[in-house]
Every structure is written in C-alpha cells, then in structure tokens.
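K.L.:
Okay, predicted coordinates and the sequence, questions at the end:
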Amino acid sequence: MRYTCYGHSCFAVEIKGKKILFDPFITHNELAKKVDIHAITADYIFVSHGHEDHTADLVDLAKRTNATVVSNYEIVTWAGKQGIEKLHPMNTGGKWKFDFGTVKCVVAQHSSSLPDGTYGGNPMGFIFMTEEGNFYYSGDTALTLDMELVPAIASLDFAVLPIGDNFTMGIEDAIAAAELIECEKIIGVHYNTFGYVKIDSNEAIQQFEDAGVELLLPEIGSTIEV
C-alpha cells in the first residue's frame, strides 16, 4: 500500500486504484509549502473531526477532485452546505463496504468543532480492512482503553497515530496505544506543525524502538510503501 505524507495529519493512501485522502490541511501549514495542492487527486476524503487543522482545505479539494467526503453526520451536513455534492455520513460504531474495502468508525477521545464554530459531532478514528492490508487511523485522540477493541476488529499491518502531545497523545501514550492495538508499525502524525506539538524526531524513533515498535516519520511530500 502506498502512503503519501502531506504534513500534520494529512496523508493519502492508494487502495485498489482508489486515492483516499485524510484530514486535508496543507495550504495553512508552513511546513507543507512545497506541496502542490493542485496536483493532489482524490476519490475519497475521510475527515476524523471538524477542527480547522484537519478541514482547512476540505471544501476546495472536494470540489476540485469531485471526491466523496466521508465523516460523521454533522461534518457531512456542514460540507453539503458548503456546496460539496458527494457525501457519505457515518458515525461511531458503524461500518460500510466501499469499492476499495470496508471501513469501521471507532471512538476517538478529543473535541470537534467546525471552522465557523458550529458543532462538529463526535471525533472518530477509522479502521480500514482491505485486500491490500489493514490499518487504523486514530484521528486526534487521547490514549483510551477503547483501543483494546481494535485488534478484535482487524489484524493491523500499520497504524497512523498522533504523537505531538499537548492536544493529543504524546510519545509515551502512543507507544502504549501501539501495544493496545497490537501493532508494531506506527506512522506518526500531528507533530512539529506548531510550537505546542514540537518533538525530537530522533528521540521519538528511539523510544519506539526501545519498546519494540517501528516508528515511521516520512518527509512531507514523500511516498512510502507500507
């Protein structure tokens, strides 16, 4: 499976020829200035919650690419009011079989409001179960024992977890989360974008390695095979 990093918590995977983008926040990210947002294509855009650092480019990208926006009911309703036509509402605990595989929505412990200040519904994580592999994107979240349910749903090839602390899990909690979800390959997100979430990347990689877990921190704009 191909994974492309666009900075902060924005990334894309390609599954069965479908390009799936997550939490689009590029043009407002100083670290992602080299990313040409106009070159990004997407068949689906999954949104974990409503905060601006996960939705800033959602409307423009969805309209240009004609992607289907998948999120909770409140965010999808808001997106429809912004003129986005292709929408798929979901909510915590629900699952759906898409043309690339099955996605189940799971609990994330965070908050969620939309850029205009309106209610953004419950934040969510996503478990992707596909013929090309399974992965879990937690979205912004605290460490929670709900994560113990993840390996009962799917055996993971990798997981995408926030590691920047302050607003989400930090390094120690993300390592504990990796144990709960029984996953030995983690891709870190939600770090270094702002002063509150700065980390020492080399130290983080070492801490994960000491715990027997591989931490991947791909460069913004790069694509890796996972």
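P.N.:
Nice, I can see it.
K.L.:
Just give the number of residues close to the closest residue to residue 150 other than its chain neighbours.
P.N.:
Leaving aside its sequence neighbours, residue 150 sits nearest to residue 181 (Cβ to Cβ, 6 or more residues apart in numbering; 4.3 Å). In short, each C-beta sits where N, CA and C put it, glycine included. Residues near residue 181, counting by other Cβ atoms under 10 Å, number 22.
K.L.:
ok, residue 181 touching residue 159?
P.N.:
Yes - assessed by Cβ atoms under 8 Å, residue 181 is found in contact with residue 159 at 5.8 Å.
K.L.:
what sits in contact with each of the two?
P.N.:
residue 136 (Cβ atoms under 8 Å, 6 or more residues apart in numbering).
K.L.:
if we can go back for a sec, for the residue nearest to residue 150, what are its contacts?
P.N.:
136, 147, 150-151, 156, 159.
K.L.:
try residue 76
P.N.:
Counting by Cβ under 8 Å, 6+ apart, residue 76 has contacts 69-70, 87-89.
K.L.:
For it, what is the enclosing helix or strand?
P.N.:
helix 73-81 (DSSP states H and E).
K.L.:
Give me the helices and strands touching the next helix or strand after that helix, please.
P.N.:
Counting by DSSP H and E, the next helix or strand C-terminal to helix 73-81 is strand 87-90. Counting contacts by 3 or more Cβ pairs under 8 Å, 6 or more residues apart in numbering; DSSP states H and E, strand 87-90 is packed against strand 68-72, helix 73-81.
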